[in-house]
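# Make a model of this:
(chains A and B)
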2 protein chains.
Amino acid sequence: MRVALAQIDTVVGDVWGNAGRAAKALDRALEGGADLVAFPELTITGYPPEDLLLRPSFIQENLGALNEFAGSVPEGVVVAVGFVDLDGDLYNGCAIITGGEVLYRYHKRYLPNYGVFDENRYFREGEGAPVLRLDGALVGVNVCEDMWYPGGPARDQALSGASVLLNVSASPYHRLKGHSRERMLGVRASDHGCYVLFCNLVGGQDELVFDGRSAAFDPEGRVIARAKQFEEDLLLVDLDAEEALVHRLHDPRPRKENPDRPPEVIEVPTAGHNPNGRTWGRTGGEPRREPALSEEGEVLSALCLGLGDYFRKNGFSRAVLGLSGGIDSSFAAAVAARALGPENVTGVLMPSRYTSELSNTDAAALANNLGIDTQVIPIGPAFDAYREMLEGAFEGLKEDVTEENIQSRIRGNILMALSNKFGWIVLSTGNKSEMSVGYSTLYGDTAGGFSVIRDVPKTLVYRICRHINEVEGREVIPESVLTKEPSAELREDQRDADSLPPYDVLDPILEAYIEEDKGVGEIVAAGFDEEDVRHAVKLVDAAEYKRRQAPTGIKVTARSFGRDRRMPITNRYRERQGEPRGERRDGRS
Amino acid sequence: MRVALAQIDTVVGDVWGNAGRAAKALDRALEGGADLVAFPELTITGYPPEDLLLRPSFIQENLGALNEFAGSVPEGVVVAVGFVDLDGDLYNGCAIITGGEVLYRYHKRYLPNYGVFDENRYFREGEGAPVLRLDGALVGVNVCEDMWYPGGPARDQALSGASVLLNVSASPYHRLKGHSRERMLGVRASDHGCYVLFCNLVGGQDELVFDGRSAAFDPEGRVIARAKQFEEDLLLVDLDAEEALVHRLHDPRPRKENPDRPPEVIEVPTAGHNPNGRTWGRTGGEPRREPALSEEGEVLSALCLGLGDYFRKNGFSRAVLGLSGGIDSSFAAAVAARALGPENVTGVLMPSRYTSELSNTDAAALANNLGIDTQVIPIGPAFDAYREMLEGAFEGLKEDVTEENIQSRIRGNILMALSNKFGWIVLSTGNKSEMSVGYSTLYGDTAGGFSVIRDVPKTLVYRICRHINEVEGREVIPESVLTKEPSAELREDQRDADSLPPYDVLDPILEAYIEEDKGVGEIVAAGFDEEDVRHAVKLVDAAEYKRRQAPTGIKVTARSFGRDRRMPITNRYRERQGEPRGERRDGRS
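Take a look at the predicted model:
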């Protein structure tokens, strides 16, 4: 049996367009001789369609688009494609199609409702564990989360005699997830004594990036084929159903239990007869197995795909961002130049009286290395005007963070003015460490349509910048940017270290608190200074209102801010061993 | 049996504080002679605690606080109080407490996961339908959503012989919901032949307001007692369990079915013996029945409570907002003056060359009527500075919305500067109609910590302003503000009507599209001009990125923007009968 895993990049809401994308990939799969072609979860609607699912007209058009696509599936070939089914209630469905007709509609049984997922909001859980009989071989089809539990439909399908388990997915990326996902799927394959085929979505959708990396596992749990990460791909694999049976008979673990639900066998007429003439059996060479990227490489690719798809899918072409000469804006600019092309990126230098000469030369060198346009707009005149206008209101008061924030907001306004005048999209450049502790100015450096690196911790920003220089074999990010001390340059001699613990101390504290939900006591017990921990935790809690108004950006960690972490703004929780809650307006706001 | 419904205002996260608030209300209930005292859903944690629930230290402190509170419950009195139970997994629990000990832990069975709710994200569904035997009478206790279905624990409890059903709730407000909720609860009472006691949360929590309005229904379904709306209250009701039995025997509908689950009867020792000496039976006079507010009155109260609690719970005291002389900022200022006291509100007039003299005098009159401070800061100098700074970049280009947005952003910056310098919180003043179609400037008039009227449609803004003048018997909102044509005054002779359909046409279209998920075809079929409908729908879809960066504000409609409506930003869905998707940057941005 030749299987094609069609890892395509769909667009949320674009039901007719997605049906067309699937039809094109189907053509290529047929040319490649595939008998069974799989598409990702919710191919027709895109994933996640969110509250579009509450709109009856949307559900109907999704069904219309599915039928249009079904019409393009020839006899002798079987297609599994994700769509939204309406059968008294909504289901996250997978249609089994052959000969122009939908033969069966599988309904996803395990609906994720944690992290970034809200599937209980929309869907009813399905029932059953159907297997398709394809010219003698039994294939169990299920959807994404169905495979993440040791029981459920996959187990039932295997116990009913399936030798192949096909899982159609929309599994979002975070760093190193691909590795643990492969480990889990390999264990499912060997536990069930089946081939496991994993067809994943690829592409960016607002804060999510789907990494592709579709794969096939043999009944011993080994990866026998792997598609590209972060790119569309069509992965062809030849399977021998008999091999699965041999493996199962030789596995010392007896599989004599009965499935929880009796098998429902779907007879697929004339399956396994691709009109291109290929039939069962190993007809190709060794399947392709793309190498897995390094951590720095995959985060960089995720950012580029997420940013690129945000632009492409929303019809934007050009980006503008402020270049301060610091590491964050340098990194964001490098990502933008890769994702959009340097000809589509404008960097704006907006020096003030506090900007060092080194910052200006670093920013210019970076722009030159990337090949992007620059503009220079000093902010002095507006800063003077604000001070004059506020003279009366501020009479007799000292300068403080107010004046720092004014400078940052002037820069935000200039970028937005360029955006409004030229239709460019403003990229904001704050990293996750800043976003966590609120070390940023609302409507200032946080302003923008997309926040490129908002989920990348500062220490990882450095690592990826070095990785860029390494793989490009030249100084893309100037060495001085990598080595000088971080500063916001909003007052004389300002340094991040005046307000925050060093980033190599701060980042692990933030990871423990934000990604792992550890308490202050636990983090201190892990070896961190109690004052640093309390300070960081207090800043994180107090910055919730700022994060809530920040532009969206790409999730790359196990828990990003956004759909993934839903914290109240009004929140008086402080661990009892802790000090009372301090003033919210701590530092820049 | 004397029952007290303790409608208290809890604070999310403040587990020890909430236990203390409950203990204080318990004291008052005991003084009032109550035998059974009910508190709202999740009293200990506040509602909704959101992702605090993923923090093990938080769950433990909630259990600690529950135990501390339990210690204050004397023998002879029974208390039902909401908390988070940990029993292998998390449950939305209701503790039954007497004599200092937790006697039983009920687990909510119906977990809402729609609209603003995410309970499947955190909780496991409970089982069972316990009834408490209180000195002979059987009382079924359940939690909020459990009562919103005709079956479920309430039915089982009634079929097991309960004569009283006690429902502890955190039911958020939207306009006119109180009425339909009472209708539903009355039908449950008469269907089951039981007294129904509804104890609701009161108070503001970020975008939600809980309206209180706790109530008691007799077995005929009549409201026999009603607590205040939008205020803390303690409602005492005397019940005669025998009356329920009489009603049930006389009801022509036989209740001979068996419950789905066998009853679990909890014997409550020495219940019904309040140490204050009162015992069973009707000891008081007629219970109190607060009148229900008008629609304008309840929305106004919801806004005041929501804003006031946001300030109080976050430790803020003073607010600042821009006064344009228009209806929206006038209304927002009136709400702020009521909620925070006029002495805590500063209005800032920020005239430009396009500001009419009438706007200035209207703004000043409004401030005078409300008794709030004002400052006047003309924006000319900053506007000139930006134009000078951008001269090079904009050379040869005409003025357009860019220059309009710059003016709006200067005003946002001035308000934020006052906020940073003095610790005042900026209130933004956009209404729901503007928010829907994106008729606003990001980081300009949308800037702020709280968006007071963001869920109030423009036509309702007018109605409530007239209502304020009516109930105050004087011109609070100047008549000229109510009658002049709306304008943003960002260019010569600008009027809202140049860009948008009249608000009495626009608002019903928006309600149909946003609150009712109607398609373009349906809305046109309801009698609206097709061009108006298409224009409005296009603007709503394109403004999603702006809404995502807007400050939080109070939900008052059936579907607000925020937790309630989760739409993708990247979204290519357009009804097929529709035109292709246009440019996103339509009008001000």
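
# For the stretch 401-550 of chain A, which segments are assigned as strands?
A:425-428, A:450-451 (DSSP state E, counting those that start in this stretch).

# Which residue ranges of the stretch 151-300 of chain A form strands?
A:164-169, A:195-200, A:202-205, A:208-211, A:215-217, A:223-226, A:233-238, A:264-267.

# which outside residues touch the lowest-mean-pLDDT helix or strand in chain A?
Among the helices and strands of chain A, helix A:241-250 carries the lowest confidence by mean pLDDT, DSSP states H and E, at a mean of 80. With CB atoms under 8 Å, 6 or more residues apart in numbering or on different chains as the test, helix A:241-250 has contacts from A:1, A:136-138, A:163-164, A:193-195, A:218-220, A:255. C-beta coordinates here come from the backbone N, C-alpha and C atoms, glycine included.

# can you pull the buried residues of that helix?
A:241, A:244, A:247-248 (16 or more other CB atoms under 10 Å in any protein chain shown).

# neighbours around the residue nearest to A:D218 when sequence neighbours are not counted, how many?
Nearest in space to A:D218, with sequence neighbours left out and distances taken as CB to CB, 6 or more residues apart in numbering or on different chains, is A:I224 at 5.0 Å. When counting by other CB atoms under 10 Å in any protein chain shown, one arrives at 18 neighbours for A:I224.

# mind listing what A:I224 touches?
By CB under 8 Å, 6+ apart, the residues touching A:I224 are A:216-218, A:237, A:287, A:289.

# quick revisit: could you save the contacts of helix A:241-250 as CSV and add columns showing neighbour count?
Output for these, formatted as CSV (neighbours: other CB atoms under 10 Å in any protein chain shown):
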residue, neighbour count
A:M1, 27
A:G136, 12
A:A137, 25
A:L138, 21
A:S163, 28
A:V164, 27
A:G193, 22
A:C194, 28
A:Y195, 27
A:D218, 21
A:P219, 24
A:E220, 13
A:R255, 13
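
# Between those, which sits nearest A:T45?
When these are ranked by distance to A:T45 (CB to CB), A:V164 comes first, at 26.1 Å.

# and the closest one, what is it in contact with?
Going by CB under 8 Å, 6+ apart, A:V164 touches A:1, A:3, A:137-140, A:194-197, A:239, A:241, A:244.

# which one among those residues gets closest to chain B?
A:G140 (26.5 Å; CB to the nearest CB).

# out of everything not next to it in sequence, what's closest to that closest one?
Nearest non-adjacent residue to A:G140, counting by CB to CB, 6+ apart: A:Q157, 2.7 Å away.

# I'd say that neighbour and A:L132 touch.
No: counting by CB atoms under 8 Å, A:Q157 does not reach A:L132; the two are 9.8 Å apart.

# where do the contact lists of the two overlap?
In contact with both A:Q157 and A:L132: A:138, A:140, using CB under 8 Å, 6+ apart.

# For those two, indicate the residue with more neighbours.
Between A:Q157 and A:L132, counting by other CB under 10 Å, A:Q157 is the more crowded of the two (31 against 27).

# Could you report the neighbour count for A:V143?
Close neighbours of A:V143, defined as other CB under 10 Å, add up to 28.

# so what's A:L366 up against?
With contact taken as CB under 8 Å, 6+ apart, A:L366 is in contact with A:323, A:325, A:330, A:333-334, A:347, A:476-478, A:481.

# among those, which are within reach of chain B?
Contacts with chain B within these, counted by CB under 8 Å from any CB of the partner chain: none were found.

# So which of these sit within helices?
Mapping those onto helices (DSSP state H) picks out A:330, A:333-334, A:481.

# Kindly reformat those residues as a markdown table and extend each row with pLDDT.
Formatted as a markdown table, the ones in helices among the contacts of A:L366 follow (pLDDT from 0 to 100):
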| residue | pLDDT |
| --- | --- |
| A:S330 | 98 |
| A:A333 | 98 |
| A:A334 | 98 |
| A:V481 | 97 |
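
# In ChimeraX, how would I select the buried members of these?
Buried members of the ones in helices among the contacts of A:L366, defined by 16+ other CB under 10 Å, are picked up in ChimeraX with:
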select /A:330,333,334,481
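
# In the record's domain split, what are the boundaries for chain A?
Taking automatic domain parsing as the reference, chain A has its domains at A:2-267, A:295-497.

# right, and those domains - which one's nearest B:L86?
Proximity to B:L86 (CB to CB) singles out domain A:2-267 among the domains of chain A, at 17.2 Å.

# okay, the strands of the stretch 401-550 of chain A in JSON lines with mean neighbour count next?
Putting the strands of the stretch 401-550 of chain A into JSON lines (neighbours: other CB under 10 Å) gives the following:
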{"stretch": "strand A:425-428", "mean neighbour count": "26"}
{"stretch": "strand A:450-451", "mean neighbour count": "26"}
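
# Including distance to chain B and mean pLDDT, could the ones you listed go into JSON lines?
Output for the strands of the stretch 401-550 of chain A, formatted as JSON lines (distance: least, CB to the nearest CB, whole Å; pLDDT from 0 to 100):
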{"stretch": "strand A:425-428", "distance to chain B": "9", "mean pLDDT": "98"}
{"stretch": "strand A:450-451", "distance to chain B": "9", "mean pLDDT": "98"}
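
# Export these as a markdown table, with columns for distance to B:G380.
Shown next, in a markdown table, are the strands of the stretch 401-550 of chain A (distance: least, CB to CB, whole Å):
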| stretch | distance to B:G380 |
| --- | --- |
| strand A:425-428 | 26 |
| strand A:450-451 | 33 |
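
# mind checking which of these is nearest B:D260?
strand A:450-451 (50.1 Å).

# Please report the number of neighbouring residues for A:E388.
A:E388: 12 neighbours (other CB under 10 Å).

# Mind listing what's buried along whichever helix or strand it is part of?
According to DSSP states H and E, A:E388 maps onto helix A:380-389. For helix A:380-389, a neighbour-count test (16+ other CB under 10 Å) marks A:380-383, A:385-386, A:389 as buried.

# wait, does stretch A:3-17 contact chain B?
Yes: judged by CB under 8 Å from any CB, stretch A:3-17 comes into contact with chain B at A:11-17.

# Can I get that stretch in PDB, CA atoms only?
Extracted in PDB, the C-alpha atoms of stretch A:3-17 (Å, rounded to 0.1, in the frame of the first residue of the first chain):
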ATOM      1  CA  VAL A   3       0.400   6.200   1.400                       C
ATOM      2  CA  ALA A   4       0.800   9.900   0.900                       C
ATOM      3  CA  LEU A   5       0.800  12.200   3.900                       C
ATOM      4  CA  ALA A   6      -0.200  15.600   2.400                       C
ATOM      5  CA  GLN A   7       1.200  18.100   4.900                       C
ATOM      6  CA  ILE A   8      -0.400  21.300   3.600                       C
ATOM      7  CA  ASP A   9      -0.700  24.900   4.800                       C
ATOM      8  CA  THR A  10      -4.400  25.800   5.100                       C
ATOM      9  CA  VAL A  11      -5.900  29.200   5.900                       C
ATOM     10  CA  VAL A  12      -8.500  29.600   8.600                       C
ATOM     11  CA  GLY A  13     -11.900  30.400   7.200                       C
ATOM     12  CA  ASP A  14     -10.900  29.900   3.600                       C
ATOM     13  CA  VAL A  15     -13.000  26.800   3.100                       C
ATOM     14  CA  TRP A  16     -13.100  26.900  -0.700                       C
ATOM     15  CA  GLY A  17      -9.500  27.900  -0.900                       C
END
